[in-house]
Every structure is written in C-alpha cells, then in structure tokens.
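Undergrad: Below are the sequence and a predicted model; questions follow.
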Amino acid sequence: MPPSRAPARFTGAKDFRARILISVLSGKPCVIRDIRVKTAARGGGDDAVGLRDYEVSLLRLIDKLTNGTRVDISEDGTAVRFDPGVVKGGRALTHECATSRGVGYYVEPTLALGLFAKKPIELTLMGVTNDDADVSVDVFRTVTLPMLKKHFGVDDGLALEVERRGCPPNGGGRVRLTLPIVKTLPTLDWCDEGLVKRVRGVTFTCKVSPQNGNRMVDAARGVLNAFIPDVYIFTDHHVGPEAGKSPGYGLSLVAETTTGCVLGADAASTACASAMSEAADLEWADDAEARVPEDVGRRVAEALVAEIQRGGVVDSTHQSLALILLAIGPEQVSRIRLGQLTPRAIETLRALKAFFGVTFHVQPEPESGTVFCSVVGVGLKNVARRST
C-alpha cells in the first residue's frame, strides 16, 4: 500500500461493515472517527461509546482472510484506522463470531471478499445462525447464493452448509462456507423482475416443541394463500448438540419469480437486545421481544408480501451487496432495478463514491415505485488469482 495514498474519512458507526468491505476491495485505507460518541452524550454511559464486540470480531475475521492488514483502534474505541491488505483466502479457516450479532453479519462481507481472494475459501463460522438483527443463514442459502450463481457467474464450488443451529443469546451454531474465486465479474443488465410463481420456506425449531414449526407454517399460509396457491414450507427440528445452546424457533420464506429473481424474508422468536438497540443499520428491527409462533409466521409472510410490493429484482436486505458487486464490475454500463432504496443502500452508495470514485445514476420509475441504478464499473480484477 503506497504510504502517500490518502485514506477515506468517515464519522460515526453507521454502515461500518460496508466501509471496511469496500476498503479491502479498493485497497484504500480508511479512518472512522467519533464512533458512537453521540450515544454517550445522550446518557448511554461508558459502555455505549466506541466499537461493539461484533465490529471488533469482524475486523479479526478480515485479518484472518487477508495478508498485511493493519488496524489501529484508539484507547476509547471511538476511532479506527484501517489499512487493508491482500485477500489470501485459504482452507480450514474458523472464526468464533460475537453472539450479539448473527452469523449473517459476517457472511455478507466474506462473500464479496472471497471472490477476489488468492485461493478459494473454506470457512467455518460459529455463533448465532438465526436472529432478528441480521439476515439468516437460510436466506443466504436460498436467496444470496442463487443470486450469485445466476447473475454474477459464481457457481463452481459455491456452497453454505448449516451444520448446527444457534439462537440468541448463547448461540452454539456452526456454518461452513465454501467460496470459489473469480477473475472478474460480468456486465449486468438486470431489470426484469417478473411475476411471483411460487413461495418456498423453512421453519426451524431448537430445544422447543416441533409443534411450533407447524404453527408458524399455518400462520404464514394464512397470509400467503390469499395471494398465491403454490406455497410449500419445510419444517426443520433440531435436538441435542445440533440445536445449539439456546432454545428458539423461526421462519424464512423465499418468493421465486418467472424471471428467476428470488426475494427473501425471515424472523426468529428471540432477538438480541444489545444488537437491536443499534438498529440504525438494520432494515426491519422493530422490537426485541420473544414472539409466539403465530406472530413469527404472520410477520415473515407480511414482510415477504411487502418485499414483493416494493418491487425490484432483489429484496431490501440485498440492495447493498448488489450495488457493491455492480460497482466493482467491468468498465461498462451495468444496470439493475431496485425497490425504494433503503438507508443502508444509500450509505453504501456514499461509501462506493468515497473509495472508488464511482457515481450511480439513479432514475426513478414513478409508475412502479422502483428505481433503475446504473453505473460504469471500476473493472476490479483478481490479480492474485493464478492464470492457469
């Protein structure tokens, strides 16, 4: 890293994960100051100041996946200087995630980084697999990975296996992630969202009665069958070590369209209160209370219907990842149709401009309520990948 290269500078903890991810992809250092100092000023106490444990855990994971990364954190944790290294990848990697956030918090940046690693990644993540703060591992398996395979040309060896479930507060889950490497990403013109043709889903129950899964299925079908008859939801019951360290249950749903788009929604019975209080960068963290199975089923079904109504070729939780992948694509115009941009997606656009200097052209379509986002990519290439 050339020492003369000026770092990108940010203030506050908002969208910390995307800033670190884009910093590694661009090779440009960043400085983040005044992390949660306003929280302390409002009477949050000393514990409310600075980095959270899950953010420190993310930095440790990035350090495991890269060579030459340097992280300097101030004594009170309110300032960070991050100098990215080269993504090396590797096999038989393990990481113990902080239980205050779900494994999904760590999977998303790993997916983007792993594509440009020197070697394919085989990573085992341990912690909370399903909570209300982050996208569940089921949605990553049924929505994110198919999106990468179909539209971004990432197929050979891409897999996510849930070996153990883990619910808040103690976790105990284990997920194995396998990521191939690519040379470049393709140009994308992805604007046809199609019509929903079927809905699939899976309920999980850990250390509770399996009847809770059936109750969630009945509640979800009560909402969805008013719109579409082709609804099938699997039940996944776990006992013993496979059920993790805490009881819980939840549901994830996926809507498939006639053009191959997949939209997801999920929720769990328990939420991590410490993470939910940070809800500035979460999409639909509305409470931190346990819910009965019928509430979970209805809530996820209504959330999926809302995602379909919002429009776009990806759901709201995948907007940020899709925009990042478009920005690092070839130096040609790529285009995507999204629903109303979420606050997190807007922060991602700002971070992409700060690191790469790319600006998206956003054109709204008032009739559908969607927006067309187009950009000329930076042409990021995996220079570490072997040519043979």
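TA: Great, that's in hand. Bear in mind that the values here come from a model prediction, so they are computed numbers and not experimental data.

Undergrad: Tell me which residues touch the nearest residue to residue 206 once chain neighbours are set aside, please.
TA: Using Cβ to Cβ, 6 or more residues apart in numbering and skipping the chain neighbours, the partner closest in space to residue 206 is residue 243 (3.9 Å). C-betas here are computed from N, CA, C, even on glycine. When contacts are counted by Cβ atoms under 8 Å, 6 or more residues apart in numbering, residue 243 touches 164-165, 172, 206-207.

Undergrad: mind running it again at 6 Å?
TA: Residues in contact with residue 243, defined by Cβ atoms under 6 Å, 6 or more residues apart in numbering, are 165, 206-207.

Undergrad: now, among the residues you listed, which is nearest to residue 96?
TA: residue 165 (16.3 Å; Cβ to Cβ).

Undergrad: Tell me where the chain has helices.
TA: Using DSSP state H, the helices of the chain run over residues 16-26, 37-39, 53-65, 104-114, 137-139, 145-151, 211-224, 273-276, 293-310, 319-327, 343-356.

Undergrad: Of those, which stretch is the most buried?
TA: Highest mean neighbour count among these (mean count of other Cβ atoms under 10 Å): helix 137-139, with a mean of 27.

Undergrad: Give me the contacts around that helix.
TA: Under Cβ under 6 Å, 6+ apart, the answer for helix 137-139 is 103, 129, 162, 175, 202, 252, 264, 266.

Undergrad: Now do it, average pLDDT.
TA: Helix 137-139 shows a mean pLDDT of 95.

Undergrad: Which of the contacts of helix 137-139 has the largest number of neighbours?
TA: Neighbour count (other Cβ atoms under 10 Å) singles out residue 129 as the most crowded of the contacts of helix 137-139, with 33 neighbours.

Undergrad: List phi and psi for that one.
TA: phi -90, psi -30 (degrees, to the nearest 10).

Undergrad: Give the bridge partners for the nearest residue to it once chain neighbours are set aside, please.
TA: Nearest non-adjacent residue to residue 129, counting by Cβ to Cβ, 6+ apart: residue 173, 3.6 Å away. Assessed by DSSP bridges, residue 173 has beta-bridge partners residue 127.

Undergrad: ok, residue 173 to residue 164 distance?
TA: 5 Å (Cβ to Cβ, to the nearest Å).

Undergrad: The two - which one has more neighbours?
TA: Neighbour comparison, residue 173 and residue 164: the larger count goes to residue 173, with 29 against 19 (by other Cβ under 10 Å).

Undergrad: so the more buried one sits right up against residue 167, yeah?
TA: No. The criterion here is Cβ atoms under 6 Å, and residue 173 misses it with residue 167 at 7.8 Å.

Undergrad: shared neighbours of the two, anything?
TA: residue 244.

Undergrad: Need the nearest residue in space to residue 317, chain neighbours excluded.
TA: Residue 317 sits nearest to residue 135 (Cβ to Cβ, 6+ apart), 5.2 Å away.

Undergrad: wait, I meant residue 295
TA: Closest to residue 295 by Cβ to Cβ, 6+ apart is residue 219, at 7.7 Å.

Undergrad: and the residue nearest to residue 317, how many neighbours?
TA: Count around residue 135 with other Cβ under 10 Å applied: 26.

Undergrad: gap between it and residue 50?
TA: 25 Å.

Undergrad: and the contacts of helix 137-139, which of them are in strands?
TA: 162, 175, 202, 252, 264, 266 (DSSP state E).

Undergrad: For the fourth one, give me its contacts.
TA: Residue 252 makes contacts with 136, 138-139, 201-202, 266, as judged by Cβ under 6 Å, 6+ apart.

Undergrad: Report the beta-bridge partners for it.
TA: residue 202, residue 266.

Undergrad: Against residue 378, how distant is it?
TA: 33 Å.

Undergrad: neighbours around residue 363, how many?
TA: Neighbour tally, residue 363, other Cβ under 10 Å: 12.

Undergrad: For stretch 59-79, measure first residue to last.
TA: Criterion Cα to Cα, to the nearest Å; first-to-last residue distance in stretch 59-79 is 14 Å.

Undergrad: I should have written stretch 122-132 there, sorry.
TA: Start-to-end, stretch 122-132 (Cα to Cα) is 26 Å.

Undergrad: Now find how far off-centre it is within its chain.
TA: Counting by Cα atoms, centre = their mean, to the nearest Å, stretch 122-132 is centred 12 Å from the centre of its parent chain.

Undergrad: Good, we can wrap up now.
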